[in-house]
Every structure is written in C-alpha cells, then in structure tokens.
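Participant: model the following, please.
(one chain, ligands or ions: 2)
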Amino acid sequence: MSSSKDLPPFPSDVPTAPIARISLSDLLASKPPACASALEACRTHGFFYLDLTATTIGSSLLSASERLLQISHQVFDHELEYKTKHDLVKGVSLFGYKRAGTVKSTDPNLRPDTTEFFNVAKDHVHGVAASRSYPSEITENKALFQSFTKDAHEVGMLILGELAQQLGVEPKAFQDKNIFTKPSGDHCRLTHKYAHVSDRHAIGLPSHTDFGSITILFNWLGGLQIQSHDPAKAGEWEYVKPLPGCAVINLGDAMVTFTNGVLKSAKHRVVPAPGAQGDVDRYSVVYFVRPHNEALMETCEEFRHLGEGGRSRGSLSRRGGVLTAGSG
Ligand SMILES: O=C(O)CCC(=O)C(=O)O
Ligand SMILES: [Fe+2]
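Facilitator: Residues are numbered from 1 along each chain as shown. Ligands and ions are numbered 1, 2, ... in the order given. Prediction:
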C-alpha cells in the first residue's frame, strides 16, 4: 500500500455503529449543539467522530497522521530482530515496541493478538524526560512527532474543557489532570496489524478500554468495533467505519473515575477489516491523553454525591498514601 488513497472501500452492506459526528470547528466556536452532542456521546457510547476539516489545527493533524502512516510502513517493515531491540518492558515502561502475539488475560478466549505497535512517549519527544531508544524513522522525524502530540493534546484539552462546561463543573477540572508539560504516560502509538487472508477470525486487539482520559485515533481501514447500545442487539459488536477527514475520539477509564461513571469508557476491539479490506495490512495512529503522573485518580468533588466515590481502574500507583496516575 503506497498511500491511504489506494485502499479497498469499506463494504456498503456491513452494519456500523451509530456514533455521532461532531465538528471541531463548531467545538472551537463553543456552538451549543456541538457541545451538547459531545456530552451526549460521552455519556452513552463514550465514542464519537471528530470532523477535523475546516480548522487549522485539524488540518495539520490530518496531514501529520498521513505522514505518520508512511513512517509506520517503514518502521514495521524492519526485521523483527531490529524492532525487538526497542522492546517495551512490561511493568516497567509503556514506551517502545510490543510485538504481535500477546495474550491479554482479560480476553475470555485467550487468543494471541495480531497487532504490533510502537508507543512513542510525549515526554521523550518534548524533552520532559530522558528518552529511550526508538527506530531511526522515529528519531529522525522528531519534529513531526512533536507537532502531532502537541496538536492532538490540544484537541483533547479542548474536548475536556467543553465537557467540564457542559457538566457545569470547574472549567479546568479535567484539563488540570492532563497537563502537557508535566511527566505523564501521554503517547503516540503506531499500530500495524497483518492482513489475515486465511484467518478471518484472528483478533487484532482483544476487547479493552483505554486507561487514560481521551484517545484520538486515526485509522484508514475498518476493524475497530464497539458494542451496540441498542437493547435489541444485546451488546453485539459493531464496526466503527473510518470516515475521511475525521478522527475517532473515545474516553478512557480515567474519565470514568473523575466523573464517578457519568462519562463512559466503552469497550472496543480490533478484528480483521470487513470485505476486501481484510486482505491488506492495517495501520492506525493514536494519541493517548493520560493524566499526568501526579494527578490524583479520584472522583472530582462535584460527582462524589453520586455514591461510591473515587472508583479507579487500571494500573495506578500510590504516592504518600494517595492514588496518582504515575506508573511508579
Ligand atoms: O487501531 C484501532 O483502530 C484501535 C486501536 C486501539 O484501540 C488502541 O490502540 O488502544
Ligand atoms: Fe484502545
């Protein structure tokens, strides 16, 4: 595949998840219907499309994501031996290479996944923390990773600000948990899933929720699925069809903790893309806005009255008796 434009189309007869499409330009202008739709999407699906066209920051994110796609082709094309030189060390750091074949203990079928990825730390590309080794295609394109992470984080902060506004809480309640200049697990992930012509049931990424606050996702082929909210469909998996000019936004578990479950982090997974799309390798470019390492992982004041306050999920650490987002 030389470019995202040469890909087979998403089949027209495959049912897709009915998630909202919200315009970044409207959110930037704080237009009430767009802000209300964002809140509604985050209270229900925990997912929405963000139309990035017609805005400067959105256009630069779209072009950066295309360039990162090209870099992904080169990076994943290396021999496994080269890629594993940059392995992430589970339990020690999130950043680096994860090969395909991981079994997630939460997958009831314990199927090895078929996706490899590189997690590139915001802290490493912006000098917030000392870097680790990455493939040369990543280190040589530091400026691109810098602008992508900065712009994606800014879009995440805009959404967090609008959600706070809509919920009537302290306007910076969520933004203050995700400060860009502070050490954190914020990162850009490049993913690659091999085409599986012979095994249409291979799992790309097993069902999971994201750990952080907001995920900004660029993908070009189907394969991403979320569970239906239609009671008649009883949680059936539905494809999230990639839309040109749009990123897919979803909330992570931190937002569930901060809002005491008012906002949702939906389970999602990656399966082979439908139709002819399943015959080509699949890539995605993701940015995870995660609470900074010192952020308290507890329910914001305004949501405590809802009952069971301070629920937390994910790998958190305790600092001086309080729960923070830092991985220790
Ligand atoms: O590749 C995708 O479409 C989704 C990736 C994802 O869910 C993740 O990396 O957490
Ligand atoms: Fe995810």
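
Participant: and what about Pro33, helix, strand or coil?
Facilitator: helix (DSSP: H, G, I helix; E, B strand; the rest coil).

Participant: thinking it is in contact with Asp26, fair?
Facilitator: Yes - if you go by C-beta atoms under 8 Å, Pro33 and Asp26 touch, sitting 7.4 Å apart. Bear in mind the C-beta positions are built from the backbone N, C-alpha and C, glycine included.

Participant: the more surrounded of these two?
Facilitator: Asp26 (18 against 10; other C-beta atoms under 10 Å).

Participant: in space, what's closest to the residue of the stretch 151-300 of the chain found nearest ligand 1 - neighbours in sequence excluded?
Facilitator: The nearest approach of the stretch 151-300 of the chain to ligand 1 comes at Ser284, 3.3 Å away (C-beta to the nearest ligand atom). Among residues not flanking Ser284 along the chain, Asn219 sits closest, at 4.0 Å (C-beta to C-beta, 6 or more residues apart in numbering).

Participant: so that neighbour sits against Lys241, correct?
Facilitator: No - applying C-beta under 8 Å, one finds Asn219 not in contact with Lys241, separated by 10.0 Å.

Participant: so where's the longest helix in this structure?
Facilitator: Assignment by DSSP state H gives helix 142-167 as the longest helix of the chain.

Participant: helices or strands up against that helix?
Facilitator: helix 24-28, helix 32-43, helix 56-77, helix 122-125, strand 187-193, strand 214-219, strand 282-289 (3 or more C-beta pairs under 8 Å, 6 or more residues apart in numbering; DSSP states H and E).

Participant: those: which one's closest to Leu160?
Facilitator: strand 214-219 (6.6 Å; C-beta to C-beta).

Participant: quick one: buried residues of the closest one?
Facilitator: Judged by neighbour count using 16 or more other C-beta atoms under 10 Å, the buried positions of strand 214-219 are 214-219.

Participant: just the CA coordinates for it, please, in PDB.
Facilitator: Extracted C-alpha coordinates of strand 214-219, given in PDB (Å, rounded to 0.1, in the frame of the first residue of the first chain):
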ATOM      1  CA  ILE A 214      -9.100  10.900  25.900                       C
ATOM      2  CA  THR A 215      -7.900   8.800  22.900                       C
ATOM      3  CA  ILE A 216      -7.600  10.500  19.400                       C
ATOM      4  CA  LEU A 217      -7.500   7.800  16.800                       C
ATOM      5  CA  PHE A 218      -6.700   7.800  13.100                       C
ATOM      6  CA  ASN A 219      -7.300   4.700  11.100                       C
END
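
Participant: elements contacting it?
Facilitator: Short answer (3+ C-beta pairs under 8 Å, 6+ apart): strand 214-219 packs on helix 56-77, helix 142-167, strand 246-251, strand 282-289.

Participant: who in the stretch 51-200 of the chain is up against ligand 1?
Facilitator: Applying C-beta under 6 Å from any ligand atom, we find that the stretch 51-200 of the chain lies next to ligand 1 at 189, 191.

Participant: apply 8 Å and report the result again.
Facilitator: 115, 117, 189, 191, 193 (C-beta under 8 Å from any ligand atom).

Participant: with pLDDT and neighbour count added, can I get those residues in TSV?
Facilitator: TSV is the format used below for these (pLDDT from 0 to 100; neighbours: other C-beta atoms under 10 Å):
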residue	pLDDT	neighbour count
Thr115	94	23
Phe117	97	24
Arg189	98	18
Thr191	98	22
Lys193	94	27
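
Participant: for these, name the two members farthest from one another.
Facilitator: For those, with distances taken as C-beta to C-beta, the pair at the greatest spread is Arg189 and Lys193 (12.6 Å).

Participant: which residues does Phe301 contact?
Facilitator: Careful, residue 301 is Glu and not Phe. Neighbouring residues of Glu301 by C-beta atoms under 8 Å, 6 or more residues apart in numbering: Glu170.

Participant: show me where pLDDT drops low in the stretch 151-300 of the chain?
Facilitator: 197-201 (pLDDT under 70).

Participant: which of the helices and strands packed on strand 214-219 is buried the deepest?
Facilitator: Mean neighbours per residue, mean count of other C-beta atoms under 10 Å, is largest over the helices and strands packed on strand 214-219 for strand 282-289, with a mean of 27.

Participant: CA atoms only: put it into CSV for me.
Facilitator: Extracted C-alpha coordinates of strand 282-289, given in CSV (Å, rounded to 0.1, in the frame of the first residue of the first chain):
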residue,chain,number,x,y,z
ARG,A,282,-3.9,-2.3,8.7
TYR,A,283,-2.3,0.6,10.4
SER,A,284,-3.5,3.2,12.9
VAL,A,285,-2.0,6.3,14.5
VAL,A,286,-3.2,7.0,18.0
TYR,A,287,-2.6,9.7,20.7
PHE,A,288,-3.5,8.9,24.3
VAL,A,289,-4.1,11.9,26.6
